[in-house]
Each structure stands twice: as C-alpha cells, then as structure tokens.
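Trainee: Starting from these lines, generate the structure:
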Amino acid sequence: MGTVGNGTEETAGERGQLINVAYRLLGSLAEAEDAVQEAYARWYGLPRSRREEIVSPGAWLTTVTGRVCLDVLGSARARRERYVGAWLPEPLPDRAERDRPAGGTGTAGPADPADQIVLDESVTMAFLVVLESMTPAERVAFVLHDVFRYPFAEIAGVLDRSPAACKQLASSARRRVSTARPPVTATTGRADVVRHVKEAWQSKDIAALVGLLDPGAVMTADGGGMVGTVLRPIEGGARIAQYMAAIADKAPDLELLERSVNGMPGLVARRAGVVATVAAFDVSDGRVTRIWVVRNPEKLRRWVEN
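Mentor: Numbering: from 1, shown residues only. The predicted model follows:
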C-alpha cells in the first residue's frame, strides 16, 4: 500500500472494522466507540509529516485501537469487581430494530456504531462471555488472530510481545473456548426452543419450563445495581423455572417478544412499550443450557421498539 496524505478517506473507511474489533474485545459498544475515537484522535494528533510516512493507516489505527482496548480491559477488571451483581456484555439488536438517531429516520446525525457491527458467531452472548474469562492479553491475541485473521507479527506490535508469545496466548485462549462452549445448535432449532420458553413463561407452566431447561442450566442477570434482579446466578433448571414463574406473577403486564440478540434467537420484555429486559440463550440438544438476562438500562439504550 502506498503512502497517503492526510488520510481522510482511507482512515474514515476503517471505522467499521475498528468498531467490530473493539466491541469483541470489550463487550461494550459504548466503550468500543470511545476506544475507536481515541485511536482517531491520536491519528489526527500526529504531525502531517508523520501521517504521510505511515504506509498503512488502517494497520496503524488497528494497533492503536488494540492498545487502547488492552488498557481498558486492564482497568475494567477493577471496575467490575465493584459492579453490583454480575457484569454481562452489552446486547445488540438487529440493525432493523436498532434505535435510529434524529427521530429514527436514519438520515440525519451520526451513524449508530451498532450499524457497523457484523453479527456473526463471534458476537453471540455465549462467545462474548467466554472472552470475559480470558486475560486481557489472551483476549486481544485471540480476537485479532482467530476472529479477524491478523498475523501474529502485527499482534506483537499491539501487545508489545514477540510473535511466538502472542501465538501462545491465542492457543491458551483457544483452549478456554473449546472447553467452555457446548455443541452448536442450528439457529432454527434455537428459535423453536426460545419460542417454547416464551409460551411456557407466559402460561406460567412450570412443568413445561423444566422440560425446556437443561437440569444443569444456569441463569445470570445483569441489573448493574440500577434495577432489581438476582445478584448471583441461579443454577438448575427447576430453580430457574420457579424463578421465571414468580416473575410472571409479579409482573403480569410484561410483554414478551421474540427478537434477535447478538444474531441469535432471544427474548425481549417490554413494559408500557419500553424495553426493560433482553434475554439471550444458549441451547444444546434441544434444551436451554444458559440464559443471560440484561436489565441494566445503560446497556439497553439501543433497544427502542418503534
């Protein structure tokens, strides 16, 4: 790639890719956007002569974004220790369901960064939760190499380690993924199971719910201390079913909707037209094995039903 002048068009075109990388690294769209903005600020803070010397602005921006995310991940561990209850990644709706700026027209104001995120297996809630179990360096090495196919020689520049060390980090992260993730269930099969859960929940059919939940199922909820929810995971299909039935009794005005959550079938609960809860599911062998419930309103800002 040849040199560029001020890097306007080429660097602007990198934004979507950088948002994709940063969201997978951080699990938060707001933090991802901040990281990318910081990378661009550093780019435009360079003297023009220095920018003209950089052969690949995209590679430079990726390296800086990765380093910013690495710093954020390091500080996030301390912040999340103070977080009230469990911390879950920010759920993403499908593009058609995302909040549009400027009255929802999609034509005025800046584009929503969520529109630039490609929804694939690497952004499912199950995948993002596994990423949370990694060290910051493992997560950066794994996401950049295994998800985005960056060579270890470039990742070494992000982590300030040798390519061989980065390869070891990615290998360690890969083992975490293979250990934690259950066999993949087809999307159509997931949708059927989620639909049956919705129907059983609405009818308060505990027996049906128990049948749909794996005996070892786990439900984790994130309210961020801002709304009421369980602070610790609920383990066991029977206990989860009883909890869901109790919620149905306490909140009879909730409206359940089938929606895509990070590209997979999920459920959205609305009260008086306002999205109050987003639930993601992991399904194996026709039964729900994990439920992730996000109720923190700060993580639901893009879930606006029209």
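
Trainee: Surely Gln17 touches Pro57?
Mentor: No: applying Cβ atoms under 8 Å as the test, Gln17 and Pro57 come out as separate, 11.9 Å apart. For the C-beta atoms, the positions are set from N, CA and C on the backbone; glycine is no exception.

Trainee: Who has more neighbours out of those two?
Mentor: Higher neighbour count among Gln17 and Pro57: Pro57, with 21 against 17, using other Cβ atoms under 10 Å.

Trainee: And the more buried one, how far from Leu300?
Mentor: 35 Å (Cβ to Cβ, to the nearest Å).

Trainee: What of Ala248?
Mentor: Applying Cβ to Cβ to Ala248 and Leu300 gives a distance of 20 Å.

Trainee: Equivalent analysis for Ser56, please.
Mentor: From Ser56 to Leu300 the distance is 37 Å (Cβ to Cβ).

Trainee: Which one's more surrounded, those two?
Mentor: Legend: neighbour count by other Cβ under 10 Å for Ser56 and Leu300, higher for Leu300 (21 against 16).

Trainee: Report the separation between the more buried one and Ala269.
Mentor: Taking Cβ to Cβ, one finds Leu300 at 11 Å from Ala269.

Trainee: One more: Arg232?
Mentor: Distance from Arg232 to Ala269, by Cβ to Cβ: 21 Å.

Trainee: Among the two, which residue is more densely surrounded?
Mentor: Ala269 (20 against 9).

Trainee: I'd like to know the phi and psi angles of the more buried one, please.
Mentor: Dihedral angles of Ala269 (phi, psi; degrees, to the nearest 10) stand at phi -110, psi 130.

Trainee: Give the next helix or strand downstream of the lowest-mean-pLDDT helix or strand in the chain.
Mentor: The least trusted helix or strand in the chain, going by mean pLDDT, DSSP states H and E, turns out to be helix 101-104, with a mean of 40. The first helix or strand that comes after helix 101-104 along the chain, using DSSP states H and E, is helix 125-132.

Trainee: Quick check: buried residues in that next one?
Mentor: By 16 or more other Cβ atoms under 10 Å, the buried positions in helix 125-132 come out as 125-131.

Trainee: which residues of the stretch 101-250 of the chain fall in strands?
Mentor: Assigned by DSSP state E, counting those that start in this stretch, the stretch 101-250 of the chain shows strands spanning 213-222, 234-235.

Trainee: can you redo these as a markdown table with mean neighbour count?
Mentor: A markdown table is the format used below for the strands of the stretch 101-250 of the chain (neighbours: other Cβ atoms under 10 Å):
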| stretch | mean neighbour count |
| --- | --- |
| strand 213-222 | 20 |
| strand 234-235 | 16 |
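
Trainee: any chance of the ones you listed in JSON lines, with distance to Glu33 too?
Mentor: Below are the strands of the stretch 101-250 of the chain laid out as JSON lines (distance: least, Cβ to Cβ, whole Å):
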{"stretch": "strand 213-222", "distance to Glu33": "20"}
{"stretch": "strand 234-235", "distance to Glu33": "32"}
